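Peer 1: Structure for the following, please:
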Amino acid sequence: QVQLVESGGGLVQAGGSLRLSCAASGRTFGWYAMGWFRQAPGKEREFVAAINWSGSSTSYADSVKGRFTISRDGAKILMWLQMSSLKPEDTATYYCAARLSDDSRWFSDSTKYNLWGQGTQVTVSS
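Peer 2: Modelled structure (predicted):
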């Protein structure tokens with residue numbers, strides 16, 4: 001069974017940077033669209049960024065546009081989120097997600113994903 005594993009979270013000062021990684025364990029078949037979501041305490045899980053199966057198309061939440069960059073290693077289930085100019089409001093548990101996709105779409109709706117990681121904590125101090 002395929003599992004997603006995130007890494008790279010931690011504590012950083014405001015204005016700093018972090019790079020999150022997401023990789024799949026187990027054999028995978030097909031092409032997967034992927035995404036990052038986050039959830040702060042007491043808040044709903046929210047969309048951060050998404051990328052299609054080939055990496056040719058991406059999407060970002062307005063709150064992170066220009067500060068975060070999503071990327072992946074070709075069609076592999078291996079993805080990164082480069083986070084720069086971090087703000088205290090970026091503090092959350094970050095989750096990666098994946099789903100089979102046979103077209104060039106990315107997905108910002110969390111309900112469209114069926115594979116999820118356990119999450120990695122990002123804390124930004126002021």
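Peer 1: The one residue sitting closest to the centre of the chain: what's it in contact with?
Peer 2: In the chain, the residue lying closest to the centroid (C-alpha atoms, centre = their mean) is residue 36, at 2.2 Å. Contact analysis of residue 36 by C-beta atoms under 8 Å, 6 or more residues apart in numbering lists 20, 22, 48, 49, 50, 70, 79, 81, 94, 95, 96, 97. (Glycine included, C-beta is placed from N, CA and C.)
Peer 1: ok, 10 Å please
Peer 2: The contact partners of residue 36, taken as C-beta atoms under 10 Å, 6 or more residues apart in numbering, are 6, 20, 22, 47-51, 60-61, 64, 68, 70, 79-81, 83, 94-97, 117.
Peer 1: Could you do residue 119 as well?
Peer 2: By C-beta under 10 Å, 6+ apart, the neighbours of residue 119 are 4, 6, 9, 37, 38, 39, 45, 92, 93, 94, 95, 96.
Peer 1: next one: phi and psi at it?
Peer 2: Dihedral pair for residue 119: phi 100, psi 150, per degrees, to the nearest 10.
Peer 1: In terms of pLDDT, where does it sit?
Peer 2: Looking at residue 119, its pLDDT stands at 97.
Peer 1: mind listing what the residue at the greatest distance from the centre of the chain touches?
Peer 2: Largest separation from the mean C-alpha position in the chain: residue 126, at 23.1 Å (C-alpha atoms, centre = their mean). Residues near residue 126 by C-beta under 10 Å, 6+ apart: 13, 14, 15, 87, 88, 89, 91.
Peer 1: Let's verify the residue nearest to residue 117 when sequence neighbours are not counted: helix, strand, or coil?
Peer 2: Leaving out its chain neighbours, the residue that sits closest to residue 117 by C-beta to C-beta, 6 or more residues apart in numbering is residue 4, at 3.8 Å. Here residue 4 is recorded as strand under DSSP: H, G, I helix; E, B strand; the rest coil.
Peer 1: quick one, strands of the protein?
Peer 2: Assigned by DSSP state E, the strands in the chain fall at 3-7, 10-13, 18-25, 32-39, 46-51, 58-60, 68-72, 78-83, 92-100, 115-116, 120-125.
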